[in-house]
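# Predicted model, plus sequence, below.
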Amino acid sequence: MVLVFGATGYIGSHLVARLLRDGVRVRASARSLGALQSRGWQGAELVAADALQPSTLGAALEGVDTAYYLVHSMAAGRNFGALDLLAADHFAAAAAAAGVRRIVYLGGLIPADADSEHLTSRRDTGVRLRQGAVPVTEIRAGIIVGAGSAAYEVIRDLVNHLPVMLTPKWVQSKSGPIALDNLLEYLVRIATIAEAAGQVLDAAGPDYISYEDVMRQYGEAVGRRPRIVRVPLLTPTLSAHWLGLVTAVPANIARALIGGLKHDLPADDAALRRMVPQRLLTFKESIQAALEAERTHTVAARWTEGLMMFRDFRIDNAFYAKRAGGSAVAQASEASMWQVVSTLGGDNGYLYMDVLWWLRGFADWLLGGRGLTRGRRHPTELRLGDRIDYWTVLGVEQGRRLTLQFGMRSPGSGVLEIDIAPVADPVGEGLSPDAPSCCVTVTAYWHPQGIWGLLYWYALVPAHLFIFKGMTARMARRAEALEQRTPSSVRVS
């Protein structure tokens, strides 16, 4: 039994699929069981566990021979390094108690003068795991070239979004980018090699190139010629804010990455290449492999992140999405709220500022789009593929979630998702704990296409925030009115 701990992350998602294809018994673990179930992994055992909650680890590690440790806390924001160390301590102790034979940990290349939290946290996590009783094999990799890899997506967004780049000095720093498939081959095979137990092994591709060269070579692959102008005044903090504006990679992750970009990241990968011989793809070959994986829809992606159908099947639409939303709580059952959600559009409109929805549709109609199209197949029922005005239904989870694809002309692709969930603390929200309550959230996901896609998004963000706040409030009030009119026996049935 092989455990992939952090299975819904970038590497974990690909590693689970690879191990299953190889016929390995796989247990996939992440904090959210729902996120695991949405992956559709046939034959994998799914277990929810959190390294910050030690009581959850026993079930995940029971009967495991090899455990891949692939979690980090970059998305948590500041001081994520302390969380990483605590998680590593918990996991090492639980693995020893469960009798695990080997832990394989994926870290990052570490320069001698590393001082960023991103790099030192990766290094120190490996140290903490090795302080446990279970032998650890640590593989340290630099930029991973594959759709969805945060560093790769930063490069891709910069090239696709900016015809002219004002860049800091770190664009001259060098690294050895490695193709996703090459890294997966290392991870799968190293776990079976006895010599690798207790080893720290560097992994890199055959090219040692600067980030400026990385951007230029990616530009050549997709038919773009970025103009790069180095500006010495861009500090790491300013660079992080700048990346947050011009890329769709989550801000906390981009901020964490920036701290490590000022360093050269050389790799001494001779030992790993000897233990696991394979042909390493050049950086240009790695780009082509990543693009081909997207064209053939073989990329492991999250529901609203990366799936090609959410990006209008265009690889120049950003992998990660910009997002804006609003939410409201209601003293009403989830069933009553679903009645409101399932009747949106058509003659009912969108409950708030319908004139703004109409104006956007009118602008689309002037451009030859279908923005003024109104109507729906059925006034209360929803099914996949239904048209609701200029939206297309991409996902329906009865009583919980509705996912709609934007259908108007625009420089990018958009998704609107409406979620219904129970209220965790009704009293804190000013609601009665003795009556049904729920929360409704409306979120717009936008995958920008080039600089015009970014400008379009920023121009409409204020309107989105304003509309979604009012829209969810109206939905809450309407659900409450339905609740009062509907007998409890009908709601239960």
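Received the coordinates, thanks.

# quick one: the helices in the stretch 1-150 of the chain?
With helices called from DSSP state H, counting those that start in this stretch, the stretch 1-150 of the chain shows them at 10-21, 33-37, 57-61, 80-98, 117-130, 150-161.

# Quick one: residues in contact with the second one.
It stands for helix 33-37. 7-8, 28-30, 46-48, 302 (CB atoms under 8 Å, 6 or more residues apart in numbering). Placement of C-beta: from N, CA and C, glycine included.

# what about burial for those residues, which qualify?
For the contacts of helix 33-37, a burial check counting by 16 or more other CB atoms under 10 Å picks out 7-8, 28-30, 46-48, 302.

# Any chance of JSON lines for those residues, columns pLDDT and distance to residue 402?
Supplementary listing: the buried ones among the contacts of helix 33-37 in JSON lines, determined by pLDDT from 0 to 100; distance: CB to CB, whole Å:
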{"residue": "7", "pLDDT": "93", "distance to residue 402": "27"}
{"residue": "8", "pLDDT": "89", "distance to residue 402": "22"}
{"residue": "28", "pLDDT": "96", "distance to residue 402": "27"}
{"residue": "29", "pLDDT": "96", "distance to residue 402": "29"}
{"residue": "30", "pLDDT": "93", "distance to residue 402": "24"}
{"residue": "46", "pLDDT": "96", "distance to residue 402": "25"}
{"residue": "47", "pLDDT": "96", "distance to residue 402": "29"}
{"residue": "48", "pLDDT": "95", "distance to residue 402": "25"}
{"residue": "302", "pLDDT": "59", "distance to residue 402": "18"}
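
# would you turn these into JSON lines with distance to residue 125?
As requested, the buried ones among the contacts of helix 33-37 are arranged in JSON lines below (distance: CB to CB, whole Å):
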{"residue": "7", "distance to residue 125": "18"}
{"residue": "8", "distance to residue 125": "19"}
{"residue": "28", "distance to residue 125": "21"}
{"residue": "29", "distance to residue 125": "17"}
{"residue": "30", "distance to residue 125": "18"}
{"residue": "46", "distance to residue 125": "24"}
{"residue": "47", "distance to residue 125": "21"}
{"residue": "48", "distance to residue 125": "22"}
{"residue": "302", "distance to residue 125": "24"}
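
# roughly how far apart are the residue lying closest to residue 133 once chain neighbours are set aside and residue 456?
Leaving aside its chain neighbours, residue 133 sits nearest to residue 96 (4.0 Å; criterion: CB to CB, 6 or more residues apart in numbering). Distance of residue 96 to residue 456, computed by CB to CB, to the nearest Å: 53 Å.

# which one of the two has more residues nearby?
Legend: neighbour count by other CB atoms under 10 Å for residue 96 and residue 456, higher for residue 456 (18 against 14).

# What pLDDT does the model give the more buried one?
At residue 456, the model reports a pLDDT of 94.

# That one belongs to a helix?
Yes - counting by DSSP: H, G, I helix; E, B strand; the rest coil, residue 456 is part of a helix.

# show me the contacts for the nearest residue to it once chain neighbours are set aside.
Counting by CB to CB, 6+ apart, residue 411 is the residue found nearest to residue 456 once chain neighbours are left out, at 5.3 Å. By CB under 8 Å, 6+ apart, the residues touching residue 411 are 448-450, 452-453, 456.

# change it to 10 Å
By CB atoms under 10 Å, 6 or more residues apart in numbering, the contact set of residue 411 is 317, 448-457.

# how close does it get to residue 168?
For residue 411 relative to residue 168 (CB to CB), the value is 27 Å.

# where do the strands sit along the stretch 251-400 of the chain?
Applying DSSP state E, counting those that start in this stretch to the stretch 251-400 of the chain gives strands spanning 322-330, 387-388, 391-397.

# what's the domain layout of the protein?
Split into domains by automatic domain parsing, the chain comes to 2-303, 322-492.

# pLDDT below threshold where in the stretch 301-450 of the chain?
When residues are selected by pLDDT under 70, those of the stretch 301-450 of the chain lie in 301-305.

# Now do the helix or strand containing residue 201: distance to the chain's middle.
Using DSSP states H and E, residue 201 falls within strand 200-203. Here the centre of strand 200-203 is set off from its chain's centre by 26 Å, with CA atoms, centre = their mean, to the nearest Å.

# Stretch 194-201 now?
31 Å.

# Likewise for stretch 326-340?
That offset, for stretch 326-340, works out to 27 Å (CA atoms, centre = their mean).

# Quick one: end-to-end length of it, please.
The separation between the terminal residues of stretch 326-340, taken as CA to CA, to the nearest Å, is 16 Å.

# again with stretch 131-150
This stretch, stretch 131-150, spans 29 Å end to end (CA to CA).

# Same check on stretch 125-137?
By CA to CA, one end of stretch 125-137 lies 12 Å from the other end.

# Could you list the buried residues of that stretch?
Under 16+ other CB under 10 Å, the buried positions of stretch 125-137 are 125-126, 128-130, 132, 134-137.

# Which pair of those residues spans the longest distance?
Maximum pairwise distance among the buried residues of stretch 125-137 (CB to CB): 16.0 Å, between 125 and 135.

# where exactly do the strands run in the stretch 101-250 of the chain?
Secondary structure of the stretch 101-250 of the chain, counting by DSSP E, counting those that start in this stretch: strands at 102-108, 136-141, 144-145, 164-167, 174-175, 178-179, 200-203, 209-210, 227-230.

# and which of the contacts of helix 33-37 is nearest to residue 342?
residue 302 (24.5 Å).

# what would the buried residues of stretch 125-137 look like in a markdown table with distance to residue 374?
As requested, those are exported to a markdown table (distance: CB to CB, whole Å):
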| residue | distance to residue 374 |
| --- | --- |
| 125 | 54 |
| 126 | 58 |
| 128 | 59 |
| 129 | 58 |
| 130 | 63 |
| 132 | 62 |
| 134 | 62 |
| 135 | 64 |
| 136 | 60 |
| 137 | 60 |
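
# Mind picking the two most distant members of the contacts of residue 411?
Longest distance between any two of the contacts of residue 411 is 14.9 Å, between 317 and 455; criterion CB to CB.

# Which of these two has more residues huddled nearby?
In this view residue 317 and residue 455 are compared by other CB under 10 Å, and residue 317 has more residues nearby, 23 against 13.
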